[in-house]
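[1] Have a look at this prediction, sequence included:
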Amino acid sequence: MFIYYCSFARTIRSINMFSFVFNHIAISVKNVDKSVDFYQRVLQLKEIENTASNSKTRWLLLAEGKQLHLIPRPDFIVKTNKAVHFALATNHINEVKNRLNHLNIPYSDWKNTPNKDYVRKDGIEQIYFQDPDGYWIEINNDI
């Protein structure tokens, strides 16, 4: 029993030896210019230099060095569902909702109720909307 415990403890320790931080998310888009315009207009993301290659992939800054990479794939068919999304947190969720309304971009709660937010059990408010390629984006106030 003691040998098993020591072996198990070593395994647990080795599993925890890695430490990760989020770096970027990359999505395939039909029209990279249209997508850049959307993310700049709606979320006010700043475009930054693609330092990895000379491709037409464009990078946007999310926050604290985190990036959104938009990879042009004009013939790619995007299949989406709300369960596959990325989430951004802000202290200004009401301002985001106002901006979406001003830009006529529909948003909903998890159940697709139009122009409605959802408050989770833990008190976090969240809304969902889609980009031009149909990717789901969650905005929440989990800061």
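    Structure's in. What do you need? This is a predicted model, so every value here is computed, not measured. Numbering: from 1, shown residues only.

[2] Distance-wise, check the closest residue to Leu68 other than its chain neighbours relative to Lys111.
    Once flanking residues are discounted, Leu68 sits nearest to Leu60: 4.5 Å by Cβ to Cβ, 6 or more residues apart in numbering. Where C-beta positions appear, they are placed from N, C-alpha and C, glycine not excepted. Applying Cβ to Cβ, to the nearest Å, the value for Leu60 to Lys111 is 29 Å.

[3] Of those two, which one has the most company?
    Of the pair Leu60 and Lys111, Leu60 is the one with more neighbours under other Cβ atoms under 10 Å, namely 19 against 9.

[4] what ranges do the strands span in this structure?
    Counting by DSSP state E, one finds strands in the chain at the ranges 24-29, 46-48, 58-63, 66-72, 85-89, 118-119, 125-130, 136-140.

[5] Redo these as CSV? Include mean pLDDT.
    Conversion of the strands of the chain to CSV gives the following (pLDDT from 0 to 100):
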stretch, mean pLDDT
strand 24-29, 97
strand 46-48, 98
strand 58-63, 96
strand 66-72, 97
strand 85-89, 96
strand 118-119, 95
strand 125-130, 98
strand 136-140, 98
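
[6] Dump the ones you listed to JSON lines, plus distance to Val78.
    What follows is the strands of the chain, written out as JSON lines (distance: least, Cβ to Cβ, whole Å):
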{"stretch": "strand 24-29", "distance to Val78": "7"}
{"stretch": "strand 46-48", "distance to Val78": "21"}
{"stretch": "strand 58-63", "distance to Val78": "17"}
{"stretch": "strand 66-72", "distance to Val78": "11"}
{"stretch": "strand 85-89", "distance to Val78": "13"}
{"stretch": "strand 118-119", "distance to Val78": "24"}
{"stretch": "strand 125-130", "distance to Val78": "10"}
{"stretch": "strand 136-140", "distance to Val78": "11"}
